[in-house]
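Peer 1: Pasting the sequence and the predicted model now:
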2 protein chains.
Amino acid sequence: MTVVNVAINGFGTIGKRVAEAVTRQPDMRLIGVSKTRPDYSAVVATRILGYNLYVPADKIEEFEKAGIKVAGTIEEMIEKADVIVDATPGGKGAEYKKLYVEKGKPAIFQGGEKADVADISFSTLCNYEEALGKRYIRVVSCNTTGLLRALCTLRKAFGLKWVRATIVRRAADPKEVKRGPVNAIVPDPAKLPSHHGVDVKTVVPDLDIMTAAVVVPTTLMHVHVVYAKLARSATREEVIRVFEEAPRIILVDASLGLKSTADLVELARDLGRRRYDIPELVIWRESITVNGDEIVWIQAVHQESIVVPENIDAIRAIFKLAKKAEDTIRVTDETLGLKKFL
Amino acid sequence: MTVVNVAINGFGTIGKRVAEAVTRQPDMRLIGVSKTRPDYSAVVATRILGYNLYVPADKIEEFEKAGIKVAGTIEEMIEKADVIVDATPGGKGAEYKKLYVEKGKPAIFQGGEKADVADISFSTLCNYEEALGKRYIRVVSCNTTGLLRALCTLRKAFGLKWVRATIVRRAADPKEVKRGPVNAIVPDPAKLPSHHGVDVKTVVPDLDIMTAAVVVPTTLMHVHVVYAKLARSATREEVIRVFEEAPRIILVDASLGLKSTADLVELARDLGRRRYDIPELVIWRESITVNGDEIVWIQAVHQESIVVPENIDAIRAIFKLAKKAEDTIRVTDETLGLKKFL
């Protein structure tokens, strides 16, 4: 079996999760991760998880002074890799791309980059086959991934005429103590559309979609309210069955006490999920309302982990390790324990 | 070896954690847990964790309708137990005590009960030996437990003349979406002292302590600022060594990026700790300030999990399963993986 050597550039919210996911894949090997600051996360990476840590050349001394073992420079990591997952802060990926190109390495970028950083914007359930053999792939952002999971599932089953969606965004990730708002609701932006619908169209260009977003003071998950018109009439039971059978989507019951994002996180904690991650799109079963060809529902997106499976699939697409979406989904979802929620 | 049969009455924040901790003890057996509502937590208890679930007699039908397997009534659970850990909501424990007495069973109560519910108010590092053979033991609340861990450690090492402490309380547990405040700082109460110092004195009666508390909008952890006068002068290095060597206390470095309760939780998640629990008292190393015999420091208390080790120790005290504090601490802390933080 081909085993691809993967390097993770950036060990933040997404990088650290993709790194762990890579170590669980039968066809991938994690050769190292990079960091620019010698903080507790670098200690976890090296001392607890045993990863090779690569840092900027001018920071080696600083890391070693902090007692953190350094395996080499970021350039050296890139040279050793077959592919780089760029999980650097938004906008930095485009700068790093020059280095990846110079070293002749393919790369995966995150949704914080502009679409033109890559050959294709990607979401497994929508366009895996189109990404096969591409050299630079951009995994769209958490909110866009959440929207696309549901929308491509419905499109395949019923066809989709239009989508109008409201994104109620979390303000910051749990550890981002300097980000706000802590006490306001912020249209983001006030001038519509929000970028989410535009971003959906980088993956599904022909979709009539409009989105608006507001930021609210919470760190746990995003919530979307989605209105859509199907290409044909459907029953509520049909829609529920389609969602239930789709990969990476789970339906939950508010009647079982799962009434909020806080309850979803509590359940993930009770289930012993590492970091309480919920890489699945979560749809509240009660919210699914179908009137002929119109449908409305409410869904929750765990911003820290939802793109992890798509990053793994994107690596397989570059090297054609799986020819069909269903083949990569099967391996990724089994190794990451997806859809084992309740 | 004697194995004690333990029942957990109440499967909320504390009950579910003590139940799991009991299953890890070599000298205890979990015979069941009780719940009054058939929610997702009941599904986790039965279907995922395989616990026997006991419910009020008039609720059996409701649980079974929800597809949740019931092992019997709460009365039946109590009859089967050698000891009950009461983790029912504050104040309910005193009502349930009648039942425990009627069935002739010893019990552990939580800090939400008044001190007179039990024969002794308890904190392992302070008064384990006094609790040996007692029939009813009250484990003091999370904030009091946090204070006592540090104070009894200092008292043993240096002696303590007085303590003045400010408790900055979390507003609600993560899933309590109906509790506030979401945007205020609330003196709790305005009339001093707060109950925490009074509660400390239920365990260490002769200590001169005054506490004041304010509630702030967060769910992660409490934070205390503690001022104390030792019975003799000490150096900062001595104090740090005493805290480092104490069980159930960990020192963390803000300089390593652990600057807030959010960072502590992020690290617990990165370490793969179940539910991101931090049963240890966390002291910021940089905050420790020593001037002769006066000392100040800042500490964090994970309200959901800090009392779990003390509940386990309290069970051992009732049955004299360990004669000395150090003997129960060794087993409890090893089985719960304490002090393996970074």
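Peer 2: That came through fine.
Peer 1: List of residues touching the strand or helix carrying A:Ile84?
Peer 2: A:Ile84 belongs to strand A:83-86 when elements are defined using DSSP states H and E. Strand A:83-86 has contacts (Cβ atoms under 8 Å, 6 or more residues apart in numbering or on different chains) with A:4-10, A:15, A:18, A:22, A:78, A:92-93, A:96-97, A:100, A:105-110, A:113, A:311, A:315, A:318-319. Every C-beta, even on glycine, is put in place using the N, C-alpha and C of the backbone.
Peer 1: again with stretch A:222-235
Peer 2: Contacts of stretch A:222-235 (Cβ under 8 Å, 6+ apart): A:142-143, A:146-147, A:150-151, A:154, A:158-170, A:261, A:290, A:292-301, A:303.
Peer 1: at 6 Å instead, please
Peer 2: A:143, A:158-159, A:161-170, A:292-301, A:303 (Cβ atoms under 6 Å, 6 or more residues apart in numbering or on different chains).
Peer 1: swap in stretch A:253-271?
Peer 2: Against stretch A:253-271 from outside (Cβ under 6 Å, 6+ apart): A:220-221, A:252, A:276, A:278, A:282, A:284-286, A:300, B:39-40, B:44, B:174-175, B:177, B:275.
Peer 1: List buried members of the residues you listed by neighbour count.
Peer 2: A:220-221, A:252, A:276, A:278, A:282, A:284-285, A:300, B:39-40, B:44, B:174-175, B:275 (16 or more other Cβ atoms under 10 Å in any protein chain shown).
Peer 1: Of the residues you listed, which is the nearest to B:His196?
Peer 2: Nearest to B:His196, judged by Cβ to Cβ, of these is B:Pro174 at 21.7 Å.
Peer 1: How about that closest one: what's its closest non-neighbour residue?
Peer 2: For B:Pro174, ignoring the flanking residues on the chain, the nearest one in space by Cβ to Cβ, 6 or more residues apart in numbering or on different chains is B:Thr219 at 4.5 Å.
Peer 1: beta partners for A:Ser34?
Peer 2: Counting by DSSP bridges, A:Ser34 forms beta bridges with A:Asn9, A:Tyr54.
Peer 1: how many other residues sit next to it?
Peer 2: Residues lying near A:Ser34 (other Cβ atoms under 10 Å in any protein chain shown) number 28.
Peer 1: how about the residues of the stretch 101-250 of chain A near chain B?
Peer 2: Contact residues (Cβ under 6 Å from any Cβ of the partner chain) of the stretch 101-250 of chain A with chain B: A:174-175, A:177, A:183.
Peer 1: Residues in contact with stretch A:318-336: which ones?
Peer 2: With contacts defined as Cβ under 6 Å, 6+ apart, stretch A:318-336 is touched by A:4, A:21, A:24-25, A:27, A:83, A:106, A:124, A:128, A:132-133, A:247, A:309, A:312-313, A:316.
Peer 1: correction: stretch A:203-214
Peer 2: Under Cβ under 6 Å, 6+ apart, the answer for stretch A:203-214 is A:121, A:123, A:126-127, A:148, A:162-169, A:185, A:187-188, A:192-194, A:196-197, A:200.
Peer 1: In three-state terms, how would the nearest residue to A:Lys69 once chain neighbours are set aside be classified?
Peer 2: Spatial nearest neighbour of A:Lys69, excluding adjacent residues (Cβ to Cβ, 6+ apart): A:Thr46 at 5.2 Å. Assigned by DSSP: H, G, I helix; E, B strand; the rest coil, the conformation of A:Thr46 is helix.
Peer 1: so what strands line up beside the strand holding A:Ile84?
Peer 2: In the sheet, strand A:83-86 lines up with strand A:4-9 (parallel), strand A:107-109 (parallel) (DSSP bridges).
Peer 1: Dump the residues of the stretch 101-250 of chain A next to chain B to TSV, plus secondary structure and pLDDT.
Peer 2: Formatted as TSV, those follow (DSSP: H, G, I helix; E, B strand; the rest coil; pLDDT from 0 to 100):
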residue	secondary structure	pLDDT
A:Pro174	coil	96
A:Lys175	coil	95
A:Val177	coil	96
A:Asn183	coil	94
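Peer 1: Please enumerate the helices of chain A.
Peer 2: When secondary structure is read from DSSP state H, chain A shows helices at A:13-23, A:40-43, A:60-65, A:74-80, A:92-102, A:124-131, A:142-158, A:195-203, A:236-245, A:261-270, A:308-318, A:325-336.
Peer 1: Right, and chain B sits closest to which residue of the stretch 1-150 of chain A?
Peer 2: Of all residues in the stretch 1-150 of chain A, the one sitting closest to chain B is A:Asp39 (3.2 Å; Cβ to the nearest Cβ).
Peer 1: Buried residues of stretch A:249-268, list them for me.
Peer 2: A:249-252, A:256-268.
Peer 1: Next: stretch A:80-96.
Peer 2: Quick answer for stretch A:80-96 (16+ other Cβ under 10 Å): A:80-88, A:92-94, A:96.
Peer 1: which helices and strands does the longest strand along chain A pack with?
Peer 2: Longest strand of chain A, by residue count under DSSP state E: strand A:160-170. Judged by 3 or more Cβ pairs under 6 Å, 6 or more residues apart in numbering or on different chains; DSSP states H and E, strand A:160-170 is in contact with strand A:208-216, strand A:222-230.
Peer 1: Tell me the strands beside the first one, with direction?
Peer 2: Within its sheet, strand A:208-216 is paired with strand A:160-170 (parallel), strand A:186-187 (antiparallel), according to DSSP bridges.
Peer 1: Deepest-packed of these, please.
Peer 2: Most buried of the strands paired with strand A:208-216, by mean neighbour count (mean count of other Cβ atoms under 10 Å in any protein chain shown): strand A:160-170, with a mean of 20.
Peer 1: Excluding chain neighbours, what is closest to the residue lying farthest from the centre of chain A?
Peer 2: Going by Cα atoms, centre = their mean, the residue of chain A most distant from its centre is A:Lys65, 34.3 Å out. Nearest residue to A:Lys65, sequence neighbours excluded (Cβ to Cβ, 6+ apart): A:Pro38, at 7.8 Å.
Peer 1: In this structure the one you found contacts A:Lys69, no?
Peer 2: No. With contact defined as Cβ atoms under 6 Å, A:Pro38 does not count as touching A:Lys69 (10.8 Å).
Peer 1: Return the nearest residue of the stretch 51-200 of chain A with respect to chain B.
Peer 2: Closest to chain B within the stretch 51-200 of chain A is A:Lys175: 4.1 Å, counting by Cβ to the nearest Cβ.
Peer 1: And that residue, how far from A:Cys142?
Peer 2: Between A:Lys175 and A:Cys142 the distance is 16 Å, computed by Cβ to Cβ, to the nearest Å.
Peer 1: farthest-separated two in the residues of the stretch 101-250 of chain A next to chain B?
Peer 2: Greatest spacing in these, by Cβ to Cβ: A:Lys175 and A:Asn183 (19.5 Å).
Peer 1: show me the contacts for the residue nearest to B:Pro174.
Peer 2: Applying Cβ under 6 Å, 6+ apart to B:Thr219 gives the contacts B:170, B:172, B:174.
Peer 1: Tell me the pLDDT of the residue of the stretch 201-342 of chain A found nearest chain B.
Peer 2: Closest residue of the stretch 201-342 of chain A to chain B, Cβ to the nearest Cβ: A:Gly257 (3.2 Å). pLDDT, A:Gly257: 96.
Peer 1: Phi first, then psi, for it.
Peer 2: phi 100, psi 0 (degrees, to the nearest 10).
Peer 1: so how far is B:Tyr40 from it?
Peer 2: Per Cβ to Cβ, A:Gly257 is found 5 Å from B:Tyr40.
Peer 1: now swap in A:Ile74 and tell me
Peer 2: From A:Ile74 to B:Tyr40 the distance is 44 Å (Cβ to Cβ).
Peer 1: And A:Ile8, by the same measure?
Peer 2: A:Ile8 is 34 Å from B:Tyr40, by Cβ to Cβ.
Peer 1: A:Asn52 now?
Peer 2: 40 Å.
Peer 1: got it, and A:Pro205?
Peer 2: For A:Pro205, the distance to B:Tyr40 - Cβ to Cβ - is 40 Å.
Peer 1: I appreciate the help and will end here.
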